[in-house]
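1. okay, sequence plus prediction incoming.
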Protein chains: 2
Amino acid sequence: MTLSELARELNVSIATISRALNRPDDVAPSTRERILAAVHRNGKYQPGKARWLRAQQTRTIGVVISDIRNPFFAGFVKSIEDIAKDNGYTVLVCNADEDSEKEEAALSMFLDRKVAGLINCSTGGNVALLRAVRQSGAAIIDFDRESGLENTDVITADNVRGTALAIQHLISLGHQRIATIAGPQHLSNARTRLEGYQRSLARAGIEVVGQYAQSGNFQAESGYECARKLFKLPQPPTAVFVANLEMCSGLITFVRETGIRVPDDLSVVTFDDAFWMKYIDPPITAIAQPVEKMGQYTIQLMLERLRGSRGAQRKTFAPKLIIRQSTAAPRLRPVV
Amino acid sequence: MTLSELARELNVSIATISRALNRPDDVAPSTRERILAAVHRNGKYQPGKARWLRAQQTRTIGVVISDIRNPFFAGFVKSIEDIAKDNGYTVLVCNADEDSEKEEAALSMFLDRKVAGLINCSTGGNVALLRAVRQSGAAIIDFDRESGLENTDVITADNVRGTALAIQHLISLGHQRIATIAGPQHLSNARTRLEGYQRSLARAGIEVVGQYAQSGNFQAESGYECARKLFKLPQPPTAVFVANLEMCSGLITFVRETGIRVPDDLSVVTFDDAFWMKYIDPPITAIAQPVEKMGQYTIQLMLERLRGSRGAQRKTFAPKLIIRQSTAAPRLRPVV
DNA sequence: ACGATTAATGTAAAGCTTTACATAATATTT
DNA sequence: AAATATTATGTAAAGCTTTACATTAATCGT
């Protein structure tokens, strides 16, 4: 039912109804009651698409996440939602699935639909498109990964720090042959994690051997593949640092299938913690990002931006190393 | 940049540009080229919000899922997306978080934004709102749970069958004191799973004791709580059937904290399988739904509906019992 | 070469709301 | 009681696109 139909029925003007809905104070209490009653009763009227044509705000925040199956992103979305809702915003999620083409589709849809704000976990997509979104008036925040959009807020974990924690832990256990299953190098977080790995090794005076760094695409299958490659090496590593959760799943599948014993044959540390990591056999040593805090911070910042605050900000959160049983001293002394 | 600005710049009418974009065949190749070039070059023009005011289709499919952290739904969304994209549709996700208020917010947003289709995993929300969405011209499919909307497609797993499989398995192992951690009873899938539990017991001639059926809300914490209640009972169960994945996570946390041994002290079967269930200690016996197939079927059906096919359809998918080590014969013979 | 088709473009209406401004009604002040 | 300020409502424009219909130009057949 459109506004004008309802207006005819209630014998008031379209404008009055619109006001009763959007600026209740501007309309007399008696009429307001009457209108609201009619509207709410059986949901007669539902504001339609034309609303956003004239209105300034859409009260919608778009989030494009890189992988809906990764609990990290799922947790992120969840932690955002409650606060958004309390402030009258709805959050809309698009899954880019680590595929920049899908990311573009998502972005242009958000552009079409004119979201008020955009939280972007970039998959390495189109900066021009992001600029267009910004030009449409939306506030943009990069989360987890930098999109390359100039002058924008970016919120991530402290990746170098987290990685350093992991590598130092392995080194202190006596490992020398430390490999990594890294992420796709066009993503900022994958790069910083790889850099962190290399630098930590270098600082400890351990030679950085190229073949010990295999890059996957942040998906489970690639974790499996990379693990396979590492174990085909003439001298396989005694420890591995995995750059994200999904690839770690792949690694786990691999070691289970092949019977490689963790931590006896291989120590494992991974970026990202998940519920089940502490219950799996053996429990996995992980670098936990404070997802919930990060989500809350992100949405708060977004709300501020939406209220008009300016000035790009770069915030990192300290991850925590949670030591479990997947890491131990190497069984064999490494060759010197 | 708006159409009219661009039109002035190119010296053609607004209509011609619009046509070049939407019905390329209706415009002369030379002009079309010129327009498209101008449009694509640096993304000058981005179609705006007014587009959907006049246009029939939005080429967007809205999905409201009940819990983004549940891998079942995450997998579902993922399996939908590729096919949707290949057919030129974008999928938009809203997370209701098992909260009917949030579900309503999501629905009314989809209504506002006029999605072409809606796939709904109901949290028990507002049927009137769904009717409104339908009236707006959207095709609606219920997934996993029935919303109560009349004359609509509904796609679910065969819950009674799945539950029966689980309970029969427990019975065949010799269990008599079989409990369940059920879902919220206003949801159709929670109801059928509880009914399946009760009926399977009854058919086997086992008394159905009320206190053995605890209802949670499909979230992890409630699984924990229900488990606690079951073990406070004077005569705790020897086996438990959990109605969904998240609650099973809660149960696992509980048994780990309290040191209850699985399967020695308690056999566990759960609805929903997850990657980690086979690697956890002990591996969990689970009823796996064919998520991927279900997702593909759902989106195919949606595309048909969008092409105009009619007639509500009710389709169920057979779940599979995957027996692992969390179920075994009860240690103590049950009292008779 | 002329009339009849066909093709390409333009004009303007429609789509539905929000909101600036105008008007009418009511309350307040002197 | 008249003049003024305040409040409530209505009128109409604006917002930007799509598309039915009108118009103009080009092509074709005879």
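-> Looks like it arrived, so ask away.
2. all contacts plus neighbour counts: C-alpha atoms, from now on.
-> Fine.
3. quick one: A:V255 and A:R261 touch, right?
-> Yes. Using CA atoms under 8 Å, A:V255 is in contact with A:R261, at 7.1 Å.
4. the more surrounded of those two?
-> Between A:V255 and A:R261, counted using other CA atoms under 10 Å in any protein chain shown, the more crowded position is A:V255 (18 against 13).
5. what helix or strand is that one on?
-> helix A:245-258 (DSSP states H and E).
6. tell me how far that helix lies from the chain's centre.
-> 22 Å (CA atoms, centre = their mean, to the nearest Å).
7. buried residues, that helix. List them.
-> A:245-255 (16 or more other CA atoms under 10 Å in any protein chain shown).
8. next one: stretch A:214-229
-> Neighbour-count burial for stretch A:214-229 flags A:214-227 (criterion: 16+ other CA under 10 Å).
9. among these, which are located in helices?
-> A:220-227 (DSSP state H).
10. show me which of these is closest to B:A105.
-> A:A220 (33.7 Å; CA to CA).
11. next, give phi and psi for the closest residue to A:R59 other than its chain neighbours.
-> Of all residues beyond its chain neighbours, the one nearest A:R59 is A:Y89 (4.8 Å), with distances taken as CA to CA, 6 or more residues apart in numbering or on different chains. Note on A:Y89: backbone dihedrals following degrees, to the nearest 10 are phi -110, psi 150.
12. any idea how many residues pack against A:Y89?
-> Neighbour count of A:Y89, defined by other CA under 10 Å: 19.
13. that one touches A:D82, doesn't it?
-> No. Counting by CA under 8 Å, A:Y89 stays clear of A:D82, with 9.5 Å between them.
14. next, work out how far apart the residue nearest to A:A20 when sequence neighbours are not counted and chain B are.
-> Nearest residue to A:A20, sequence neighbours excluded (CA to CA, 6+ apart): A:R32, at 5.5 Å. A:R32 sits 21 Å away from chain B, taking CA to the nearest CA, to the nearest Å as the criterion.
15. for A:R32, give its distance to A:R177.
-> As defined by CA to CA, to the nearest Å, A:R32 lies at a distance of 73 Å from A:R177.
16. quick one: the strands in the stretch 151-300 of chain A?
-> Ranges of strands in the stretch 151-300 of chain A, per DSSP state E, counting those that start in this stretch, are A:153-157, A:178-182, A:213-215, A:239-242, A:267-271, A:285-288.
17. any idea of the mean pLDDT for the first one?
-> When pLDDT is averaged over strand A:153-157, the result is 97.
18. with the shortest one instead?
-> Per-residue pLDDT over strand A:213-215 has a mean of 97.
19. count the residues that sit near A:P71.
-> Neighbour tally, A:P71, other CA under 10 Å: 22.
20. re earlier: please say which of A:R32 and A:R177 ends up with more neighbours.
-> For A:R32 and A:R177, the more surrounded residue by other CA under 10 Å is A:R177, and the numbers stand at 22 against 19.
21. what about chain A, any weak spots by pLDDT?
-> Residues of chain A that meet the criterion pLDDT under 70 lie in A:42-43, A:56-57, A:332-336.
22. so which bits of it are right by chain B?
-> A:42-43, A:46-50, A:52-53, A:68-69, A:71, A:74-75, A:78, A:90-95, A:97, A:105-106, A:109, A:111-114, A:128-129, A:132, A:276, A:279-281 (CA under 8 Å from any CA of the partner chain).
23. and these, which are buried?
-> A:46-50, A:52-53, A:68-69, A:71, A:74-75, A:78, A:90-95, A:97, A:105-106, A:109, A:111-114, A:129, A:132, A:276, A:279-281.
24. filter those down to the ones in strands?
-> A:90-95 (DSSP state E).
25. quick one: secondary structure of A:T123?
-> Reducing the assignment at A:T123 to three states with DSSP: H, G, I helix; E, B strand; the rest coil gives coil.
26. how about the residues of the stretch 51-200 of chain A by DNA strand D?
-> For the stretch 51-200 of chain A, the contact set with DNA strand D under CA under 7 Å from any atom of the strand comprises A:51, A:53-54.
27. the residues you listed into TSV, with extra columns for distance to DNA strand C?
-> Listed next are these as TSV, based on distance: CA to the nearest atom of the strand, whole Å:
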residue	distance to DNA strand C
A:R51	4
A:L53	7
A:R54	5
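28. quick one: which of those is nearest B:G205?
-> Nearest member of these to B:G205, counting by CA to CA, is A:R51, at 60.5 Å.
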